[in-house]
Every structure is written in structure tokens, then in C-alpha cells.
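Q: Requesting a structural model of the entry that follows:
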Amino acid sequence: MMPCRDSWYHSPIAPMRPQDPFIGRDILNGSFQILQKIGSGGMGAVYRALQPEMNRMVGVKILHPKLASRQDLVSRFRREARAMSQLSHPNTVKVFLYGELDDGSLYIIMEFLEGKNLNQTLRADGPFSVERALPILIQVCGALDEAHRAGIIHRDLKPENIFIVQSAGVRDYPKVLDFGLAKVGERQMRPGSVILTQEGMVFGTPEFMSPEQAQGKTLAAASDIYSLAVILYEVLTGKLPFDAKSPIDYIQLHVTGRPIPLNQRVSGRVFPPLLEQVIDRALAKRPEDRFSSAADFASAMQQVLAGDSKLATRLASAARSADALAPAFGSRPTEAPAALRPPQGTAAMSAPTPLLGAYEPHPKAPEAIRSQRLNLLLLGGIAIGFLLIGVGLAVALMRFVIR
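A: Coordinates of the predicted model:
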């Protein structure tokens, strides 16, 4: 398991630092009283705060004032707030307010959660039973389905971004967090918004990336479905679908590797064959071979719980259809494509970082770099050609003047 995967919601609460200027401060004309820091990173910090008028605790995320001049980070912070404020599903963390403080600091005020994230829960309790794991993931699918219908792709799903609380007597009530890397559609973007991503750039957490995300391709809802399937696999087994030693190894395996079969991952533990079929489909390399939506993925998991024998027939039929279409899309790779082989002297992608840490994009794939070099060479050749023509004209003019 790679280090530094924790999200900003922590339990127990991180120790206070008295020198923090926000602790003990009232913001928004006394509407909120900041009490304690509960997480921090390169981009800012999250605090527990009291809202006296409502007599409730809230979480306040504040971007470092020194980063206010970084338009890309400011745009990403605002994009997260805007994306989350549009979502109302009960399994998505609620955003109450967002904006800018008097000193220029950007803030998001959201519901305060008490509990543990899914990674912490897994480490404390060990691998989940099928009966415990599937209901959690089914609820997460509900939150994602709403986001996808709104044109929002999460892009950084991992156990740390699924927080487990108790609600209305429900023991495992998940809340989806951290839309800081979310991809939003045009209708969610304000005029003048900065486009933060482009084809060929890789963002996210290597262990949970979809193959298309690992290659820097345009993402759709199917990418989140793949990441959620990796989470389900880990929750059931305590392990990831691949054995890898570095982030770049995970990236290569997501693109080209065959996941270790679920029933071979934990010695002495056997899972229902139908569950393995569901996970296999959700982990398909090609997006079009996965479930068509998060709602469909949830429905399949629900049928596994119900022991629906007809589901196996439908999954087998879908698999045969995918195999029949495979030649039209080209053969599936058996080795890492050149775009995923790091060039000599290039550092691999850094280990996963928390939401509040500074996410660093993976360098452009060598294939894209080669394409850029060819373009530069072409432009250089054209420039040299014009230069030679200019020199020729100058020489001809001089000869004419001398005569």
C-alpha cells in the first residue's frame, strides 16, 4: 500500500498548532467561530468551527492566502466548491457556503463529519464481508450517479475520499468527499474559468486510476466506475488488484495488466462467482465494456446480494459482445505502451497526496513529447526555409545594385 493516502478528514483530530492565525478567529461577521485544525496540506487547511446561530459544528476549508495569486489553484478550489454545492445526494458531503474572506483567503463551509474514512475503517476492522461491503459501495454509486448526471466526474475516488459515519441508526453510512480534482462539464463552469486539465496530463492517485486516466485521455463516468471497482476489490480483500512497487508500475498495470482474480487474492477465502463477474466487468480495460452508469453498477451489486441467477447470464452475454467488438478497436495490449515507459532520468509520479497537498501533474507522456518535438522540428524547418529564401533574395539584390 502506498503512503500518504489519507484525506483531510481525520480521526482522531490532528493536534492543534497555537500559532495558526485562524484558530480562535471569528469569520463572516461572527457567523462561524474556528475552534480547531483537523487537517492541513500544501494548499491550505481544514478546521472544525461552531456556527452559533444554528448550534452546530461545521468543517471550514481555507486556501492559504499566499496561494491567492495562483490562478490555477484558485480556480480549482472554486471549482470544487461549485461542483459540490450543486450536489444534494445524501451520500455526498454537503456544502453550505463558499466564497472569499476579507484577507483574500478562499473558504468552503461544509458539514462536519465524525467517524473514519474507508481506508481507516478497513485497516481497523480488516477486509469486509460481502454483506457489509456491497451496501456501502451501492450508496456511493448513488452519489456518483447524481454527479455524473450533472456532468461532474470525480477523478480521484479512493477509500480516503469515502468517509464512514453513523446516520439514522445506519452503521456504515458513506459520504463522498474531495471533488478537488473533479472534471466538470461546460454548464458547470463560469465564464472565464481556467481549464486546468488537458489531454496527455495525468491527475489522481495511481492505485485507483482507470486505464484511460493513466494515459491522460478524456474521462467519462466509466472512469469513476473503474476506480470504484478497485475500491470494492480492496475493501473485500485488503489488497489491490495488482502487485506493484511504484506508482508508475500501478499505472502500467492498470493499462495492460490482468487483475489478480478475486478468489486467488486471499488464501482460504472464496467469493461468489457472480461477484467476481461483476468486478471483472467494472475493471474492463475499455470504458465501453464496463457498466454503462454508476446506477447500473449499483443494480448489479444489489442483485449479487439478492443472489439473482439471471445476472450471470446477462454478464456473460455482455462479455461475449465486448469480445466480438474487440477487433474493431484493435487488439488489447500485452506490454506497456511507449507512452507509459518513463524516459531516462525522469522521476516517476510522486506518491498519492492528500486533497490539501499540492497535486503535481504527471509529466506528459513521451509519445506526446515526441509529437511536440516533431512539431517543433517542422516549425524550425519552415523557419530555416524562409531564412534561406531571405538570404537568397538579399544576395540577388546586392548583385543587381553592384551591376
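Q: Please enumerate the helices of the stretch 1-150 of the chain.
A: Assigned helices in the stretch 1-150 of the chain, in chain order: 71-85, 118-125, 130-149 (criterion: DSSP state H, counting those that start in this stretch).
Q: What separation is there between residue 108 and residue 99?
A: 9 Å (Cβ to Cβ, to the nearest Å). In this view, the C-beta of every residue, glycine as well, is placed from N, C-alpha and C.
Q: that older thread, in terms of mean pLDDT, which of the helices of the stretch 1-150 of the chain ranks lowest?
A: Lowest mean pLDDT within the helices of the stretch 1-150 of the chain: helix 71-85, a mean of 81.
Q: any idea of the angle that helix forms with helix 130-149?
A: Per axes from the mean of the first three to the mean of the last three Cα atoms, to 10 degrees, the angle that helix 71-85 makes with helix 130-149 is 110 degrees.
Q: For helix 71-85, which residues meet the burial criterion?
A: 73-85 (16 or more other Cβ atoms under 10 Å).
Q: Among the helices of the stretch 1-150 of the chain, which comes closest to residue 239?
A: Residue 239 lies closest to helix 118-125 among the helices of the stretch 1-150 of the chain, at 10.6 Å (Cβ to Cβ).
Q: which other residues reach the closest one?
A: The contact list for helix 118-125, computed with Cβ atoms under 8 Å, 6 or more residues apart in numbering, reads 5-6, 11, 116, 128, 136, 158-160, 162-164, 174, 231, 234-235, 238.
Q: Make a PyMOL selection of the buried ones in the residues you listed.
A: Command for PyMOL that selects the buried part of the contacts of helix 118-125, burial taken from 16+ other Cβ under 10 Å:
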select buried, resi 5+6+116+128+136+158+159+160+162+163+164+174+231+234+235+238
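Q: which residues of this structure fall in strands?
A: 26-27, 32-40, 44-51, 56-63, 95-100, 106-111, 116-117, 152-153, 162-167, 170-176, 183-184 (DSSP state E).
Q: what helices or strands is the longest one leaning on?
A: Translated: strand 32-40. Judged by 3 or more Cβ pairs under 8 Å, 6 or more residues apart in numbering; DSSP states H and E, the packing partners of strand 32-40 are strand 26-27, strand 44-51, strand 56-63.
Q: more neighbours, residue 108 and residue 99?
A: For residue 108 versus residue 99, the count of surrounding residues by other Cβ atoms under 10 Å is larger for residue 108: 23 against 12.
Q: what about the residue nearest to residue 226 when sequence neighbours are not counted, neighbour count?
A: In space, and not counting its chain neighbours, residue 226 is closest to residue 210: 3.8 Å by Cβ to Cβ, 6 or more residues apart in numbering. Residue 210 has 28 neighbouring residues, counting by other Cβ under 10 Å.
Q: mind listing what residue 210 touches?
A: 219, 222-224, 226-227, 254, 287.
Q: Just the pLDDT for it.
A: 96.
Q: Repeat that for the one 4 residues further on.
A: Looking at residue 214, its pLDDT stands at 92.
Q: Now do it against residue 262, distance only.
A: 21 Å.
Q: doesn't residue 132 make contact with residue 236?
A: No - Residue 236 is not in contact with residue 132 according to Cβ atoms under 8 Å; the separation is 9.5 Å.
Q: Identify the residues contacting stretch 226-239?
A: By Cβ under 8 Å, 6+ apart, stretch 226-239 touches 118, 122, 126-128, 130, 133-134, 136-137, 140-141, 144, 154, 157-159, 162, 207-211, 240-241, 259, 262, 265-266, 269, 271, 279, 282-284, 287, 290, 294, 297, 301.
Q: if we can go back for a sec, with distance to residue 39 as new columns, can the helices of the stretch 1-150 of the chain be given to me in CSV?
A: CSV is the format used below for the helices of the stretch 1-150 of the chain (distance: least, Cβ to Cβ, whole Å):
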stretch, distance to residue 39
helix 71-85, 15
helix 118-125, 13
helix 130-149, 21
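Q: What is the burial count for the closest residue to residue 310 other than its chain neighbours?
A: Excluding the flanking residues, the one nearest residue 310 by Cβ to Cβ, 6+ apart is residue 303, at 8.0 Å. Number of residues near residue 303 (other Cβ under 10 Å) recorded here: 18.
Q: Does residue 303 touch residue 311 like I think?
A: Yes - counting by Cβ under 8 Å, residue 303 touches residue 311, with 4.4 Å between them.
Q: for the stretch 101-250 of the chain, what are the low-confidence residue spans?
A: Counting by pLDDT under 70, the stretch 101-250 of the chain shows low-confidence ranges at 180-203.
Q: Just the buried residues of stretch 205-219, please?
A: Those would be 205-216, 219, for stretch 205-219 by 16+ other Cβ under 10 Å.
Q: Kindly report the same for stretch 88-108.
A: 89, 91-98, 105-108.
Q: what does stretch 245-265 give?
A: 247-257, 259, 262, 265.
Q: swap in stretch 136-155?
A: Within stretch 136-155, the residues that count as buried by 16+ other Cβ under 10 Å are 136-148, 151-155.
Q: before we move on, what about stretch 281-298?
A: 281-285, 287, 289-291, 293-298.
Q: Tell me the one of those nearest residue 50?
A: residue 294 (35.3 Å).
Q: shouldn't the closest one be in contact with residue 220?
A: No - assessed by Cβ under 8 Å, residue 294 is found out of contact with residue 220, at 11.5 Å.
Q: Inside helices: which ones of the buried residues of stretch 205-219?
A: 211-214 (DSSP state H).
Q: now the residues you listed as a markdown table including distance to residue 389?
A: Formatted as a markdown table, these follow (distance: Cβ to Cβ, whole Å):
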| residue | distance to residue 389 |
| --- | --- |
| 211 | 48 |
| 212 | 45 |
| 213 | 46 |
| 214 | 46 |
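Q: Just give me the closest of the residues you listed to residue 52.
A: Of these, the one sitting nearest to residue 52 (Cβ to Cβ) turns out to be residue 213, at 43.0 Å.
Q: wouldn't that closest one be in contact with residue 154 here?
A: No - at 10.9 Å, residue 213 and residue 154 do not qualify as touching, with contact defined as Cβ under 8 Å.
Q: ranges for the helices of the stretch 151-300 of the chain?
A: Counting by DSSP H, counting those that start in this stretch, the helices of the stretch 151-300 of the chain are 211-214, 221-237, 247-256, 273-282, 294-306.
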